[in-house]
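>>> can you look at this prediction? I've put the sequence above it.
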Amino acid sequence: MVMSRNTTIPVKVGVVLDMDTWLGKMGLSCISMALSDFYASHGHYKTRLVLEIRDSNRDVVGAAAAALDLLQNEEVQAIIGPASSMQANFVIGLGDKAHVPIISFSATSPSLSSLRSRYFVRATLNDSAQVPAIRAIVQAFGWRQVVLIYSDNEYGNGVIPYLTDALQEIDTRISYRSVIHPLATDDQILEELYKLMTMPIRVFIVHMFTPLGPRLFTRAYEIGMMEEGFVWILTDGLTDILSALDDSVIDSMQGVLGVKPHVPRSKELESFKIRWKRKIQQEYPTNESFELNIFGLWAYDAASGLAMAVEKLGATNFSFQKSNTSRNSTDLDTVGVSQIGPNLLQSLLSTRFKGLSGHFQIFNRQLRSSAFQVVNVIGKGERGVGFWTPENGTVRKLHSTSKTNLGTIVWPGESPSVPKGWVLPTNEKKMRIGVPVTKGSGKFVKVTRDPSTNATEVTGFSIAVFDAVMAALPYAVPYEYIPFQTPDGEPAGDYNDLIYQVYLKKYDAVVGDTTILANRSLYVDFTLPYTESGVSMIVPIIDKRRKNAWVFLKPLTWDLWVTSSCFFVFIGFVIWVLEHRVNKDFRGPRSHQVGTIFWFSFSTLVFAQKERIVNNLARFVVIIWLFVVLILTQSYTASLTSMLTVQQLNPTITDINELIKKGERVGCQHASFVHEFLIESMKFDESNLVIYESTEVLDELFSKGRIAAAFDEIPYIKLFLAKYCSKYTAVGPTYKFDGFGFVFPKGSPLVADVSRQVLNVTEGAKMLQFEKAWFGQTPSCPELTSSVSSDSIGLNSFWGLFLIAGIASFVALITCITTFLYENRDALINLNSPSSIWRKIKAMVTRFDDKDLRSHTFRKSDQLQDKRHQSHGCSYTNFPPSPSSLLLPTHNNFSFFREQGTPSSGHADPVGPNRPMSPHILFGYELANINHEQTRPLAFGWREVVLIYEDNEYGNGVILSLTIAMQEVDTHVTYRSFIHPLATNDQIVKELYKLMMMSTRVSIMHMLKPLGSQLLPKQMRLE
């Protein structure tokens, strides 16, 4: 043992802590025990850490002075501490100058990361690491608004931008930020809590440390803010020290939720707790309330990790290089530079081991986070209800991958049910519901005043639906209707003015026939729609029935008439050819045969043909042709019927572009957004727009011919057509809008619950009752989207049938002719060869005109009677031909030629005036008398921005204010780009390329001229 001491190399390590605080005492005891345990188990190691302890006296300057003393006089190779983030902000700069690692186990503020110090190592978790766990809790219970309560110092402000961004990602709004000074008096704390009680939000996220946190909950318990309906969520700053709080404080925190880093259980940890408890009681026997927390474990692991890193360097030069100083130099100029500092830093960053707090690994110069535990304050302490991990989110058990809910939670007031997160403000008795005042029919909203009592009654379809929705809520919400009118009962403005009153917080909501529009949703929130909506055109209808004598020709187009007539004649001819030689009904004088052709063919129109068909080929053709005639006649009948009935309801105008081109006057409802829609989107001249206030006025405008058409929303069109169904109809495309919805302030927690009940009401039988009660029985009218015209039927619809009939007829005709020529081939051969082709054809025609006596249709007597005048038909005969009776030259190439045409049709989608359109609807609305800075981002409507700022105190100072300002106008900060003032050109270009790959194209730059003059030219070249 003596030899071991003689060969060890002492390495000085500074410790800067607030020695009069519990954190300082616990940290120092854990560091000492860590080194004792480490060297006891590694006695063969060559190096030994020697602690040089300094007290920072709870002061920022004291911490900096202690660090400076350690660097100048003791030449320490590393400094463990300081305790707070504010102290670390100063000490970090000294570490960078001296190349000495600054290792803090308790400075958790995220703002320290922005310093980008090379020698600062955070052996603790960044406060921002717990933000996803808090977000998961808020999302799991569906809270849409929260209040942040935090201390007004570096620790409290550091995590706020991260919390803001995380909650914004799940559409949860931070309605208020309560900032309390660490040295605030009890009266000041009570004043702030009373202010929170008057607000409707009941979900509070508390981020502060002792002693402010316990004082806050003690005062909150006294004034009744720990009762049922409240939600309190703690960050790890208070959750980690719950076990060290007094019983009275714990009693005032019943039902509180908290998150803290998860520390896995181990034998080493349990053994250390026992030994530490024994040691601390020996050192401080008069204080029995000391409890070990996560910071003590991190201090233990930090000291162990530093000892490992030093040992890995081995025997080396642990010395400082003195700086050259002048007579006028300051104390800072005399600080030397550690020769082993860079190597010690790299050794520490690569050190990994299993510590008391879990797996120890430095990533990005801070401790890598693993899992957080969710606890519930119950009874005399805390109880775990679940965990959060980066891989699986919120889980009931740590090593489970199933997405289950948290364990049973007892909420404030010992309530087992999940609080909804908001209540009606205590300083208001009823919600003020604004309703529009119109001069129309009052079907949707009707405001009446009793002259004797001056009482106002509000009724209507929209009011009935809203009353049913509010009655269906699982909690009571008192409200009253306030008409939006002047003292003399006139409307105080249009619908935009009424909705804007909600933005100005003069009304808590608006109920009525208010259409959900994009520009309105910038300032208020709408519930789900309770009616369909859209804008369509109303026009008069005229009777255009075909009253002329030639109306029967209109059902078919001329090309179909011609084609049908030609096919009737052609089919008649084909049947005659097939039946002529075997059927006496198709024989006789030529005039009779021609008449038979036309008679038989056209009689198939009414299926009145009386001639027998005996040839099988003819039967085949007739069957196909009768099918074609059946389809053709049925279609003709249907089209003619449609022309004589449906077409009497024909609109006067169907093309909107025709109205614009001719400059026709059109009507639109008073105080409706349709007026702006027609001007800005449809490009109507404002001078051609006529305003009406009721359905009676609209009918009068049409009757007097003052307007050619009117544009209105679908619900109003239904009301109008229900009364004037026989005179008007709706035509043209329907421009889609989202329907009528109820209006609430931006981020109101009522929106989600009311929307859910709107679905229940609209899907049930109540909606039909409301419609019948206020709109009556709707008469049978043409559908708004149905066509009211009937076009003639063209050849395109039947060319397939004609093609089939034509092919069947040609096949049958060619088959018969081929058979006839084959059976009479001897007659062609016996003709004299010099005979002309015409004589051969004439001879064959003569033979074809004779009867086919072999056919079963002719009796034997007929064959004997006609024996002298027989001819050879389509089959062999028993009487050979006489050479003297027919002497024609033979020809071995006797053929028939046929030219066949196939009708064609085009298939193109017509583009008519009724083509659906999807216009981009843009509504402009000027907000007057608003001079607040927060409203300026609304001018251009940018919803996402990127912050680019200088990585120093100047750049970081404005980030919190910028983040809060962006959040207040619902603008999301998608990325923060930190650029060091001494960054190289390559580093600047690399950062600019990263920004170019993002989708956000709005950047806010905050930097001084030297860095800005480098960045802007490079940005312009990249573009």
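That came through fine.
>>> what about the longest helix in the protein?
helix 616-645 (DSSP state H).
>>> now do that helix: which elements does it pack against?
Packing contacts for helix 616-645, counted by 3 or more Cβ pairs under 8 Å, 6 or more residues apart in numbering; DSSP states H and E, involve helix 558-579, helix 799-823. From N, CA and C alone the C-beta is placed, and that goes for glycine too.
>>> touching stretch 88-100 from outside, list them.
Stretch 88-100 is touched from outside by 16, 60-61, 63-64, 67-68, 71, 76-79, 81-82, 101-102, 104, 107, 111-112, 115, 117-120, 154, 320, 332, 335-338, 341-342, with contacts defined as Cβ atoms under 8 Å, 6 or more residues apart in numbering.
>>> select only the buried ones of these in PyMOL?
To isolate the buried ones among the contacts of stretch 88-100 in PyMOL, judged by 16 or more other Cβ atoms under 10 Å, type:
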select buried, resi 16+60+63+64+67+68+71+76+77+78+79+81+82+101+102+104+107+111+112+115+117+119+120+154+320+335+336+338+341
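>>> which ones among the contacts of stretch 88-100 are found in helices?
Val60, Val61, Ala63, Ala64, Ala67, Leu68, Glu154, Gly341, Pro342.
>>> least confident pick among the residues you listed?
Lowest in pLDDT among these is Glu154, which has 83.
>>> residue boundaries of the helices in the stretch 151-300 of the chain?
With DSSP state H, counting those that start in this stretch as the criterion, the stretch 151-300 of the chain has helices at 154-158, 160-169, 186-197, 212-222, 236-239, 247-251, 267-283, 294-313.
>>> sorry, that was for the stretch 401-550 of the chain
Along the stretch 401-550 of the chain, the stretches classed as helices by DSSP H, counting those that start in this stretch are 461-472, 495-503.
>>> walk me through the domains of this structure.
The chain is divided into the following domains under the TED database: 9-123+294-320+335-364, 127-264+369-395, 431-532+743-766, 536-541+650-737, 551-645.
>>> where among those domains is the average confidence lowest?
domain 551-645 (a mean of 82).
>>> out of the ones in helices among the contacts of stretch 88-100, which comes closest to Arg219?
Glu154 (23.9 Å; Cβ to Cβ).
>>> isn't that closest one right next to Ser109, touching?
Yes - Glu154 is in contact with Ser109 according to Cβ atoms under 8 Å; the separation is 5.2 Å.
>>> quick one, strands of the stretch 901-1023 of the chain?
Assigned by DSSP state E, counting those that start in this stretch, the strands in the stretch 901-1023 of the chain fall at 944-950, 972-979, 1003-1006.
>>> cool, the stretch 1-150 of the chain as well?
Secondary structure of the stretch 1-150 of the chain (DSSP E, counting those that start in this stretch): strands at 9-17, 47-55, 78-80, 102-104, 120-122, 145-151.
>>> residues contacting the nearest residue to Thr164 once chain neighbours are set aside?
Spatially, and ignoring its direct neighbours in sequence, Thr164 is nearest to Gln967 (4.9 Å; Cβ to Cβ, 6 or more residues apart in numbering). Going by Cβ under 8 Å, 6+ apart, Gln967 touches Thr164, Gln168, Ile174.
>>> which neighbours do Glu154 and Ser109 share?
Ser85.
>>> the helices of the stretch 151-300 of the chain: which one's closest to Pro483?
helix 186-197 (31.7 Å).
>>> identify each buried residue in that closest one, please.
Ile189, Leu190, Glu192, Leu193, Leu196.
>>> turn the strands of the stretch 901-1023 of the chain into TSV, columns for distance to Leu962, mean neighbour count and mean pLDDT.
Supplementary listing: the strands of the stretch 901-1023 of the chain in TSV, determined by distance: least, Cβ to Cβ, whole Å; neighbours: other Cβ atoms under 10 Å; pLDDT from 0 to 100:
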stretch	distance to Leu962	mean neighbour count	mean pLDDT
strand 944-950	6	20	89
strand 972-979	8	17	87
strand 1003-1006	7	15	89
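>>> which residues touch stretch 452-469?
433, 435, 442-450, 481, 483, 511-513, 530, 740, 742, 754, 757-758, 761-762, 766-767, 770-771, 773-775.
>>> start to end distance for it?
Chord length of stretch 452-469, first to last residue, is 32 Å (Cα to Cα, to the nearest Å).
>>> for that stretch, buried residues please.
For stretch 452-469, the neighbour count (16+ other Cβ under 10 Å) marks 456, 458-469 as buried.
>>> returning to that earlier point: can you list the strands of the stretch 901-1023 of the chain in a markdown table and add distance to Ala492?
Putting the strands of the stretch 901-1023 of the chain into a markdown table (distance: least, Cβ to Cβ, whole Å) gives the following:
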| stretch | distance to Ala492 |
| --- | --- |
| strand 944-950 | 37 |
| strand 972-979 | 36 |
| strand 1003-1006 | 39 |
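>>> identify whichever of these lies nearest to Phe567.
Distance to Phe567, taken as Cβ to Cβ, is lowest for strand 944-950 among the strands of the stretch 901-1023 of the chain, at 68.3 Å.
>>> measure how that closest one sits relative to helix 160-169, angle-wise.
Calculated by axes from the mean of the first three to the mean of the last three Cα atoms, to 10 degrees, strand 944-950 forms an angle of 160 degrees with helix 160-169.
>>> ok now strand 944-950, how far from the chain's centre?
25 Å (Cα atoms, centre = their mean, to the nearest Å).
>>> again with stretch 713-733
Between the centre of stretch 713-733 and the centre of its chain there are 34 Å (Cα atoms, centre = their mean).
>>> would you mark the buried spots in it?
713-722, 724, 728-733.
>>> likewise stretch 382-399?
Neighbour counts over stretch 382-399 (16+ other Cβ under 10 Å) mark Glu382, Val385, Gly386, Phe387, Trp388, Thr389, Gly393, Thr394, Val395, Leu398 as buried.
>>> which of the buried residues of stretch 452-469 sits closest to Gly213?
Minimum distance to Gly213 across the buried residues of stretch 452-469 is 41.0 Å, recorded for Val469 (Cβ to Cβ).
>>> excluding its backbone neighbours, what's nearest that closest one?
Computed as Cβ to Cβ, 6+ apart, the closest residue to Val469 that is not its neighbour in sequence is Gln757, at 4.5 Å.
>>> ok, that neighbour - how many residues close by?
Residues near Gln757, counting by other Cβ atoms under 10 Å, number 18.
>>> for it, give its distance to Met470.
8 Å (Cβ to Cβ, to the nearest Å).
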